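K.L.:
Okay, structure incoming, though there's no sequence with it:
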Ligand code: CMP
(Lines give C-alpha, C1' and ligand atoms only; values in the text may rest on other atoms or scores of the structure.)
Protein backbone atom coordinates (compact mmCIF):
# COMPACT_ATOMS: atom_id res chain seq x y z
CA UNK A 1 0.00 0.00 0.00
CA UNK A 2 2.80 2.45 0.85
CA UNK A 3 5.24 0.86 -1.62
CA UNK A 4 5.04 3.50 -4.31
CA UNK A 5 4.45 6.53 -2.10
CA UNK A 6 7.47 8.87 -2.54
CA UNK A 7 6.99 10.12 1.02
CA UNK A 8 8.18 6.73 2.27
CA UNK A 9 10.77 6.01 -0.40
CA UNK A 10 13.61 6.26 2.14
CA UNK A 11 12.20 3.35 4.16
CA UNK A 12 12.86 -0.30 3.38
CA UNK A 13 9.98 -2.65 2.60
CA UNK A 14 9.91 -4.22 6.06
CA UNK A 15 9.57 -0.83 7.73
CA UNK A 16 6.91 0.27 5.24
CA UNK A 17 4.90 -2.89 5.92
CA UNK A 18 4.95 -2.42 9.68
CA UNK A 19 4.13 1.24 9.22
CA UNK A 20 1.17 0.47 6.95
CA UNK A 21 -0.44 -1.45 9.79
CA UNK A 22 0.04 1.44 12.23
CA UNK A 23 -2.20 3.76 10.23
CA UNK A 24 -5.70 3.23 8.95
CA UNK A 25 -7.35 3.85 5.62
CA UNK A 26 -10.11 6.44 5.55
CA UNK A 27 -12.48 7.10 2.67
CA UNK A 28 -14.13 10.44 1.88
CA UNK A 29 -16.71 11.49 -0.68
CA UNK A 30 -16.37 14.66 -2.74
CA UNK A 31 -17.49 17.50 -0.48
CA UNK A 32 -16.62 15.77 2.80
CA UNK A 33 -14.68 17.94 5.27
CA UNK A 34 -11.59 16.06 6.48
CA UNK A 35 -9.99 18.66 8.73
CA UNK A 36 -11.65 21.81 10.10
CA UNK A 37 -9.86 25.11 10.73
CA UNK A 38 -9.62 25.78 14.47
CA UNK A 39 -10.23 22.19 15.53
CA UNK A 40 -7.77 20.26 17.66
CA UNK A 41 -5.38 18.23 15.52
CA UNK A 42 -5.45 14.53 16.17
CA UNK A 43 -4.29 13.03 12.91
CA UNK A 44 -1.84 13.14 10.03
CA UNK A 45 -3.13 12.27 6.56
CA UNK A 46 -1.44 11.01 3.42
CA UNK A 47 -3.54 10.95 0.25
CA UNK A 48 -3.40 7.51 -1.39
CA UNK A 49 -5.91 8.47 -4.05
CA UNK A 50 -8.16 11.39 -4.85
CA UNK A 51 -7.92 15.11 -4.34
CA UNK A 52 -8.45 17.59 -1.51
CA UNK A 53 -8.51 21.36 -1.26
CA UNK A 54 -6.88 23.35 1.54
CA UNK A 55 -9.04 26.41 2.24
CA UNK A 56 -8.88 29.28 4.70
CA UNK A 57 -12.17 31.16 4.67
CA UNK A 58 -12.86 31.72 0.96
CA UNK A 59 -9.19 31.48 -0.05
CA UNK A 60 -7.94 28.35 -1.80
CA UNK A 61 -4.44 27.72 -0.43
CA UNK A 62 -3.63 24.50 -2.25
CA UNK A 63 -5.00 21.48 -4.02
CA UNK A 64 -3.40 18.25 -2.83
CA UNK A 65 -3.42 14.91 -4.62
CA UNK A 66 -2.03 11.40 -4.53
CA UNK A 67 1.17 11.10 -2.47
CA UNK A 68 0.73 14.46 -0.75
CA UNK A 69 0.09 14.93 2.96
CA UNK A 70 -1.69 17.30 5.31
CA UNK A 71 -2.46 17.69 9.00
CA UNK A 72 1.19 17.76 10.04
CA UNK A 73 1.16 21.39 11.28
CA UNK A 74 -1.11 20.86 14.29
CA UNK A 75 0.76 17.72 15.25
CA UNK A 76 4.10 19.50 15.13
CA UNK A 77 3.16 22.55 17.22
CA UNK A 78 0.02 21.36 19.09
CA UNK A 79 -1.93 24.37 17.83
CA UNK A 80 -5.43 24.20 16.29
CA UNK A 81 -5.81 23.28 12.60
CA UNK A 82 -4.62 26.16 10.41
CA UNK A 83 -7.09 25.59 7.56
CA UNK A 84 -9.98 23.47 6.32
CA UNK A 85 -9.17 20.46 4.17
CA UNK A 86 -12.06 19.22 2.04
CA UNK A 87 -12.23 16.23 -0.30
CA UNK A 88 -13.12 17.41 -3.81
CA UNK A 89 -13.19 13.91 -5.35
CA UNK A 90 -13.59 10.46 -3.82
CA UNK A 91 -10.48 10.38 -1.67
CA UNK A 92 -8.63 7.61 0.11
CA UNK A 93 -6.23 8.61 2.89
CA UNK A 94 -3.83 6.78 5.10
CA UNK A 95 -4.11 8.37 8.54
CA UNK A 96 -1.91 8.23 11.62
CA UNK A 97 -2.71 9.31 15.17
CA UNK A 98 -0.54 12.09 16.59
CA UNK A 99 1.15 9.54 18.82
CA UNK A 100 2.08 7.28 15.88
CA UNK A 101 3.13 10.34 13.84
CA UNK A 102 5.61 11.37 16.58
CA UNK A 103 6.98 7.85 16.66
CA UNK A 104 7.35 7.79 12.87
CA UNK A 105 9.29 11.05 12.78
CA UNK A 106 11.51 10.17 15.75
CA UNK A 107 12.40 6.75 14.35
CA UNK A 108 12.92 7.99 10.76
CA UNK A 109 14.67 11.35 10.50
CA UNK A 110 14.61 10.99 6.69
CA UNK A 111 10.82 11.38 6.88
CA UNK A 112 11.24 14.63 8.80
CA UNK A 113 13.49 15.89 6.00
CA UNK A 114 10.94 14.98 3.31
CA UNK A 115 8.31 16.83 5.33
CA UNK A 116 10.55 19.86 5.87
CA UNK A 117 11.20 20.11 2.13
CA UNK A 118 7.48 20.10 1.45
CA UNK A 119 6.86 22.70 4.18
CA UNK A 120 9.49 24.98 2.64
CA UNK A 121 7.89 24.51 -0.78
CA UNK A 122 4.49 25.49 0.66
CA UNK A 123 6.00 28.49 2.45
CA UNK A 124 7.67 29.70 -0.75
CA UNK A 125 4.41 29.23 -2.68
CA UNK A 126 2.51 31.24 -0.08
CA UNK A 127 5.09 34.04 -0.33
CA UNK A 128 5.17 34.28 -4.11
CA UNK A 129 3.05 37.06 -5.49
CA UNK A 130 0.63 36.11 -8.27
CA UNK A 131 2.06 38.88 -10.50
CA UNK A 132 5.78 38.01 -10.16
P1 LIG B 1 -2.97 21.50 9.99
O2 LIG B 1 -2.84 22.93 10.40
O3 LIG B 1 -2.77 20.45 11.00
O4 LIG B 1 -4.40 21.31 9.32
C5 LIG B 1 -4.66 21.98 8.09
C6 LIG B 1 -3.61 21.55 7.10
O7 LIG B 1 -3.65 22.18 5.84
C8 LIG B 1 -2.21 21.93 7.62
O9 LIG B 1 -1.93 21.21 8.79
C10 LIG B 1 -1.38 21.65 6.40
O11 LIG B 1 -1.15 20.27 6.27
C12 LIG B 1 -2.33 22.12 5.30
N13 LIG B 1 -1.97 23.46 4.86
C14 LIG B 1 -2.08 24.63 5.54
N15 LIG B 1 -1.64 25.67 4.81
C16 LIG B 1 -1.23 25.15 3.62
C17 LIG B 1 -0.69 25.71 2.41
N18 LIG B 1 -0.45 27.02 2.29
N19 LIG B 1 -0.38 24.86 1.41
C20 LIG B 1 -0.62 23.54 1.51
N21 LIG B 1 -1.14 22.97 2.61
C22 LIG B 1 -1.44 23.75 3.65
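P.N.:
Arrived safely, thanks for sending. Since we're looking at a predicted model, the values are computed, not measured.

K.L.:
longest helix of the protein?
P.N.:
Determined from DSSP state H, the single longest helix within the chain is helix 109-127.

K.L.:
Who are the packing partners of the lowest-mean-pLDDT helix or strand in the chain?
P.N.:
Lowest mean confidence among the helices and strands of the chain (mean pLDDT, DSSP states H and E): helix 13-22, at a mean of 86. Here helix 13-22 touches helix 98-107, going by 3 or more Cβ pairs under 8 Å, 6 or more residues apart in numbering; DSSP states H and E. Quick note: C-beta positions are derived from backbone N, CA and C, even for glycine.

K.L.:
Any residue of the helix it packs on touching the ligand?
P.N.:
No: applying Cβ under 6 Å from any ligand atom, one finds helix 98-107 separated from the ligand by no less than 9.8 Å.

K.L.:
Begin at 743 from now on, thanks
P.N.:
Let's use 743 as the start, then, which means that last one is helix 840-849.

K.L.:
Give the other helices and strands that that helix contacts.
P.N.:
Contact partners of helix 840-849 among helices and strands, from 3+ Cβ pairs under 8 Å, 6+ apart: helix 755-764, strand 785-791, helix 814-819, helix 851-869.
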